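Chemist: Have a look; sequence and predicted model below, questions after that.
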Amino acid sequence: MDKIKIYTDGACKGNPGVGGWGAILIAGTREKELFGGERETTNNRMELMAVIQALQALKRPCEIALYTDSQYVLKGITEWIDGWKAKGWKTAAKAPVKNVDLWQQLDQARQVHKIDWIWVRGHTGDAGNERADQLANMGVDSVL
């Protein structure tokens, strides 16, 4: 199984507002950068979209170290998602899960991979996170 590092980030100018997502996929000495944007979105949607797009870009199952600065993404995928699914995509308060469309896409995209989810503090000099942030902002610029 190929070993990949992925750094992801989302950005939003206004929340909701114009948003972008970015991801860097690193396999040995090879790197691939991805980014995109949406005119009316939220920061949380862009954080999720960055991860989804990165995972969907992979052509075969991989062993992944996935770095995110989003506690929402990290806790959602490692702590909350199984409960949401068991409750029919409802929260503990019986409210509909926000961004359920993207959580379902992420849930499907992660199934074929072995993923180690790693949180990094944003904007503190982590090179991969800083590059993903730059890509997310390029995504914002692409839809302005």
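Modeler: It's in.

Chemist: most centrally placed residue in this structure?
Modeler: For the chain, the residue nearest the mean C-alpha position is residue 51 (2.6 Å; C-alpha atoms, centre = their mean).

Chemist: residue contacts, that one?
Modeler: Residue 51 is in contact with 6, 8, 23, 66, 68, 73, 106, 109, counting by C-beta atoms under 8 Å, 6 or more residues apart in numbering. No exception for glycine: its C-beta is placed from N, CA and C like everyone else's.

Chemist: May I see the residues you listed arranged in a markdown table, with secondary structure as well?
Modeler: Shown next, in a markdown table, are these (DSSP: H, G, I helix; E, B strand; the rest coil):
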| residue | secondary structure |
| --- | --- |
| 6 | strand |
| 8 | strand |
| 23 | strand |
| 66 | strand |
| 68 | strand |
| 73 | helix |
| 106 | helix |
| 109 | helix |
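
Chemist: Those residues: which two are farthest apart?
Modeler: Pairwise distances across these peak at 14.1 Å for 68 and 109 (criterion: C-beta to C-beta).

Chemist: Looking only at neighbour counts, state which of those two leads.
Modeler: residue 68 (26 against 18; other C-beta atoms under 10 Å).

Chemist: What number of residues are in the vicinity of residue 100?
Modeler: 12.

Chemist: can you tell me the helix or strand for residue 134?
Modeler: For residue 134, the host element (DSSP states H and E) is helix 127-142.

Chemist: Report all helices and strands that that helix contacts.
Modeler: If you count contacts as 3 or more C-beta pairs under 8 Å, 6 or more residues apart in numbering; DSSP states H and E, helix 127-142 packs onto strand 2-14, strand 17-27, strand 30-41, helix 43-56, strand 62-68.

Chemist: quick check: mean pLDDT across the third one?
Modeler: The predicted model assigns strand 30-41 a mean pLDDT of 98.

Chemist: quick check, distance from it to the centre of its chain.
Modeler: Relative to the centre of its chain, strand 30-41 is centred 10 Å away, using C-alpha atoms, centre = their mean, to the nearest Å.
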